[in-house]
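1. Model the following, please.
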Amino acid sequence: MKKRILVAEDHPITRSGIVQLLKQEPDLRVCGEVDNRGDTILAVDRDPPPDLVFLDLMLGHADGLETIKQLRAIRPGILILVVSAQEEWLHAERVLRAGASGYIMKTEPNAELLAAVRAVLRGEIYLSARMRVLLTDRGLISHPCLAMLVPQADPPLSDREFHVYRLIGIGLSTKQIATELHLGGKTIETYKEHLKIKLRLANAEELKREAKAWVVKTR
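-> Here you go, the predicted structure:
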């Protein structure tokens, strides 16, 4: 039987390319295309569910890590392969901890994308060879690439703080972030205070400046 794949990607051209690639494979079938978190959750909640969700980590401004957790809560056995334009070492560990089974960058060739899909369908964890080395290295945070790309916080940022930091960096206001995350403005302000403390920043302007610089650096 063909394995059912749900493609969750908000860029139409990218989504079309992924769908066409998967449709050419005799053992795979695209059972749906969605472009936002709400429709992704609805598609996974239907019967029969997809065998694998091909999930863009950044569906609009949605928190991809929370999306993964929600999908796993609805369907504990669901397989999720995350695709992103963001550097693998920036998100892979958090993605796996949230419940995904793999992470692949959009810059990888089609053959590697298909290899990732099949690896996850076999029950394996898919990461690049480089990332496997990094994640098995106990000195992970001291790696120069990670030191450059991961916000240096003490204690480390939580998943939600990490997402708020990214939204600040792309220029969203407190009200816009609250709307995106379905939280109150005061809650977002509390997250901002936590960020300033953990990142040792003096005020909101420093936080905004550092977050914007970090977003530019990690693109």
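
2. Give me the domain ranges for this structure.
-> 3-136, 151-218 (automatic domain parsing).

3. deepest of these, which one?
-> domain 3-136 (a mean of 18; mean count of other Cβ atoms under 10 Å). C-betas here are computed from N, CA, C, even on glycine.

4. Next up, the contacts around the residue lying closest to Lys3 once chain neighbours are set aside.
-> The shortest distance from Lys3 to any non-neighbouring residue, by Cβ to Cβ, 6 or more residues apart in numbering, is to Asp51 (4.5 Å). Neighbour list for Asp51: Lys3, Arg4, Ile5, Leu79, Leu121 [criterion: Cβ atoms under 8 Å, 6 or more residues apart in numbering].

5. Rounded mean pLDDT for stretch 187-204, please.
-> Averaging pLDDT along stretch 187-204 gives 92.

6. Looking at the residue positioned nearest the centre of the chain now. What's its pLDDT?
-> Relative to the mean C-alpha position of the chain, the nearest C-alpha, by Cα atoms, centre = their mean, is the one of Leu57, at 3.0 Å. pLDDT for Leu57: 86.

7. next one: Ala129
-> At Ala129, pLDDT is 61.

8. can you check Ile141 too?
-> pLDDT at Ile141 comes out at 36.

9. how close does Pro48 sit to Arg15?
-> Distance, Pro48 to Arg15, by Cβ to Cβ, to the nearest Å: 22 Å.

10. same question, Ile74
-> 22 Å.

11. Need the residues that contact stretch 24-44.
-> The contact list for stretch 24-44 (Cβ under 8 Å, 6+ apart) reads 2-10, 12, 15, 19, 22-23, 50, 53, 55, 59-60, 62, 67, 70-71, 74-75, 78, 114, 117.

12. Now, those that are in strands?
-> The members of the contacts of stretch 24-44 that map onto strands under DSSP state E are Lys3, Arg4, Ile5, Leu6, Val7, Ala8, Val53, Leu55.

13. thinking the fourth one is in contact with Phe54, fair?
-> To tie it back to what came earlier, the one meant is Leu6. Yes: using Cβ atoms under 8 Å, Leu6 makes contact with Phe54 at a distance of 6.8 Å.

14. List the first helix or strand encountered after the helix or strand bottoming out on mean pLDDT in the chain toward the C-terminus.
-> The helix or strand of the chain with the poorest confidence is helix 144-149; it has a mean of 43 (mean pLDDT, DSSP states H and E). Counting by DSSP states H and E, the element after helix 144-149 in chain order, helix or strand, is helix 159-169.

15. who does that next one touch, helix- and strand-wise?
-> helix 64-74, helix 88-98, helix 174-181, helix 185-198, helix 204-218 (3 or more Cβ pairs under 8 Å, 6 or more residues apart in numbering; DSSP states H and E).

16. Can I get those in CSV including distance to Pro156?
-> As requested, the helices and strands packed on helix 159-169 are arranged in CSV below (distance: least, Cβ to Cβ, whole Å):
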stretch, distance to Pro156
helix 64-74, 14
helix 88-98, 10
helix 174-181, 20
helix 185-198, 8
helix 204-218, 15
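
17. Go through the ones you listed and find the least confident stretch.
-> Of all the helices and strands packed on helix 159-169, helix 88-98 has the smallest average pLDDT, which comes to a mean of 77.
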